[in-house]
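Q: I need the structure of the sequence given here:
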Amino acid sequence: MVRPNSKTLITWLDATVVAVALAVVVGGITRLTESGLSITEWKPVSGVLPPLGDVDWATAYAKFLQIPQAQTVHLGITLGAFKALFWWEWVHRLLARLVGLVIAVPFFWFWARGQLPALLRVRLAALPLLVAAQGALGWYMVSSGLAVRSTVSQYRLVAHLGLALVILVVALWTSVSLRGGRVKARGTGTVKARDTGTVEARGAGVGRGGGAVASGAARRRWIVVADLFALWIFGVILTGGFVAGLRAGKIFNTFPLMGGQFVPPGYRQFTGFLTNAFENPTAAQFHHRVLALITVFVAIALWRWARRTDASADIVRAQRNLALLACVQVALGVATLLLAVPVAIAALHQLAAVALLGAAVLAAHAARTAR
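A: Residues are numbered from 1 along each chain as shown. So this is what the prediction gives:
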C-alpha cells in the first residue's frame, strides 16, 4: 500500500517520466524536420526567450545562414521557413528546461523537508545531476553540426537519446517501487526482503500464469531474463538512433526486402564492422530491422513461456503487455519506412519505443516482486 507521504514522491517521479518522454518525442520531431541546428547558441537562461522583434529574428537568421546546414540541406531557406524550424527547436529546448525544473525543484524541496527515503537518496540525487549532464550533452551534440558537418554527429545524438532514457528508467523504476510499498517515504525506511531480490519459495502452484513462482530458481531465472530483455530493448532503441542520425530511414523504403535482397546492396560499404555499422546508413537500417524483428519474436516467446510454465499472474501480464507493445512498435516502424518517414508516424514510432522500454522496466520489476 502506498503511504500518504509517498504519494507526492510518486507524483513527482511520474511527472518526470512523462516530461522526459515528451521531450524525447519532440526532440525526434526536431530531427525529422531538420530543425535541431536552427538555434546556433546555447544560452541556458536567456535562451528561454525567443526573438522578440524583427531585429532579433534577422540576427538569428543571419547566424543560421553561416552554418553548413543552411548552405546545403536548407539552401535558399527564407526567413519565414527559418522561423518554422526555429520554433520546433525552441519548444524542444523549452521542454528540456522544464524537465530540469520538474526534476530539480521537487528534489530539493523533498530533501529540505527530509522526505527522501534513506535507501533512495543517492539514486534520487542522481536525477538532477543526470538532467544537468543531459543539457550539456545536448549542446555538445548541436555544436557538432555548426562548423564542418551539415548534420549533428550520430554518436552524440545516440548518447543524448540514451541518457534521456536512463533518466526515464530511473524515475519509472523508483516510482513503481514506491507504489508497491517497497520503500518507506521518510528517514530510515527499509526495503522489504522480497524486494531486494531475496527469493522465497511459495509453493508449487503452476500453470497458465495463475500460480505462484514455484522455486527460488524460477524467480532468479525470470529476473535474469527480464533484465537482459530490458537491456536488449534499450540497445535496439539506440540502433534506431543511429538510423535517425544517419537519415537511413529515407533509403530502401520497402519491406521486408531491401533493394530486392535480404542483405541490401551497399551493406559493406565501409571497412571495419563497427565503422560500417555506425556510419553506413544501409547497414544501420538493416541492423535495426533485424534487431526489431528479433525483439518481437522474443517478446511473444517470453509471453508464451510465462503462460505455460510457473510464472505468476503478474509476470504473465507484464510479458503480455511487452509483447503487444513490441508488435505495435514494429508495425509503426514498418509504416514509417514504407511511407518514407512522415513526421507524425515517425513520432508515434519513437513514442512507442519509449513505451516499450517502460514496459520492459515494469516486466523486470514484476519478476522481482511477483508472489
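
Q: what are the boundaries of the helices in the protein?
A: With helices called from DSSP state H, the chain shows them at 7-32, 54-65, 79-112, 121-143, 154-179, 216-245, 273-279, 281-308, 313-338, 343-369.

Q: helix 79-112 and the fifth one, what's the angle between them?
A: With axes from the mean of the first three to the mean of the last three CA atoms, to 10 degrees as the basis, helix 154-179 and helix 79-112 are set at 40 degrees to each other.

Q: which parts of helix 154-179 are buried?
A: Of the residues in helix 154-179, 154, 156-161, 163-179 count as buried by neighbour count, 16 or more other CB atoms under 10 Å. All C-beta atoms are positioned from the backbone trio N, CA, C, and that covers glycine.

Q: then the second one?
A: Of the residues in helix 54-65, those buried under the neighbour-count criterion (16+ other CB under 10 Å) are 57, 60-61, 64.

Q: using PDB, list the CA coordinates for it.
A: The C-alpha trace of helix 54-65 is given here as PDB (Å, rounded to 0.1, in the frame of the first residue of the first chain):
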ATOM      1  CA  ASP A  54      12.300  41.900 -36.400                       C
ATOM      2  CA  VAL A  55      15.900  42.800 -35.500                       C
ATOM      3  CA  ASP A  56      16.200  39.700 -33.200                       C
ATOM      4  CA  TRP A  57      14.800  37.500 -35.900                       C
ATOM      5  CA  ALA A  58      17.100  38.900 -38.500                       C
ATOM      6  CA  THR A  59      20.100  38.300 -36.200                       C
ATOM      7  CA  ALA A  60      19.100  34.700 -35.500                       C
ATOM      8  CA  TYR A  61      18.500  34.100 -39.200                       C
ATOM      9  CA  ALA A  62      21.900  35.600 -40.200                       C
ATOM     10  CA  LYS A  63      23.700  33.400 -37.700                       C
ATOM     11  CA  PHE A  64      21.900  30.300 -39.100                       C
ATOM     12  CA  LEU A  65      22.800  31.100 -42.700                       C
END
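
Q: tell me what it is packed against?
A: Helices and strands touching helix 54-65, by 3 or more CB pairs under 8 Å, 6 or more residues apart in numbering; DSSP states H and E, are helix 79-112.

Q: just the mean pLDDT for the helix it packs on, thanks.
A: The average of the pLDDT scores along helix 79-112 is 95.

Q: now do stretch 117-131
A: The average pLDDT for stretch 117-131 rounds to 94.

Q: for stretch 273-281, same thing?
A: On average, stretch 273-281 scores 95.

Q: can you point out the buried residues in that stretch?
A: Buried residues in stretch 273-281, counted by 16+ other CB under 10 Å: 276, 278-281.

Q: again with stretch 143-157
A: In stretch 143-157, counting by 16+ other CB under 10 Å, buried: 144-146, 151-154, 156-157.

Q: before we move on, back to that, residue 39 is nearest to which of the helices of the chain?
A: Checking the helices of the chain against residue 39 by CB to CB gives helix 79-112 as the closest, at 5.0 Å.

Q: other SSEs contacting the closest one?
A: Judged by 3+ CB pairs under 8 Å, 6+ apart, the packing partners of helix 79-112 are helix 7-32, helix 54-65, helix 121-143.

Q: how about 10 Å then?
A: Applying 3 or more CB pairs under 10 Å, 6 or more residues apart in numbering; DSSP states H and E, we find helix 79-112 packed against helix 7-32, helix 54-65, helix 121-143, helix 154-179.

Q: any chance of those in TSV, plus distance to residue 266?
A: Putting the helices and strands packed on helix 79-112 into TSV (distance: least, CB to CB, whole Å) gives the following:
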stretch	distance to residue 266
helix 7-32	23
helix 54-65	33
helix 121-143	27
helix 154-179	17
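
Q: which one of these lies nearest to residue 300?
A: Evaluated with CB to CB, these place helix 154-179 nearest to residue 300, the distance being 23.1 Å.

Q: sorry, back to before: from the buried residues of stretch 273-281, which is closest to residue 332?
A: residue 281 (20.2 Å).

Q: in TSV: the buried residues of stretch 273-281, plus distance to residue 349.
A: Output for the buried residues of stretch 273-281, formatted as TSV (distance: CB to CB, whole Å):
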residue	distance to residue 349
276	24
278	21
279	23
280	22
281	17
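
Q: about what we covered before: so which of the helices and strands packed on helix 79-112 is nearest residue 79?
A: Nearest to residue 79, of those and by CB to CB, is helix 54-65 at 5.3 Å.

Q: ok now that closest one, how far from the chain's centre?
A: 33 Å (CA atoms, centre = their mean, to the nearest Å).

Q: next, the angle helix 79-112 makes with it.
A: Using the same axes, to 10 degrees: helix 54-65 against helix 79-112 is 90 degrees.

Q: ok, residues contacting helix 54-65?
A: For helix 54-65, the external contacting residues (CB atoms under 10 Å, 6 or more residues apart in numbering) are 37-41, 49-51, 53, 70-71, 74, 77-80, 82-83, 85-86, 146.

Q: one more time with 7 Å
A: Residues from elsewhere that reach helix 54-65, judged by CB atoms under 7 Å, 6 or more residues apart in numbering: 38, 40, 51, 70, 79, 82-83, 86.
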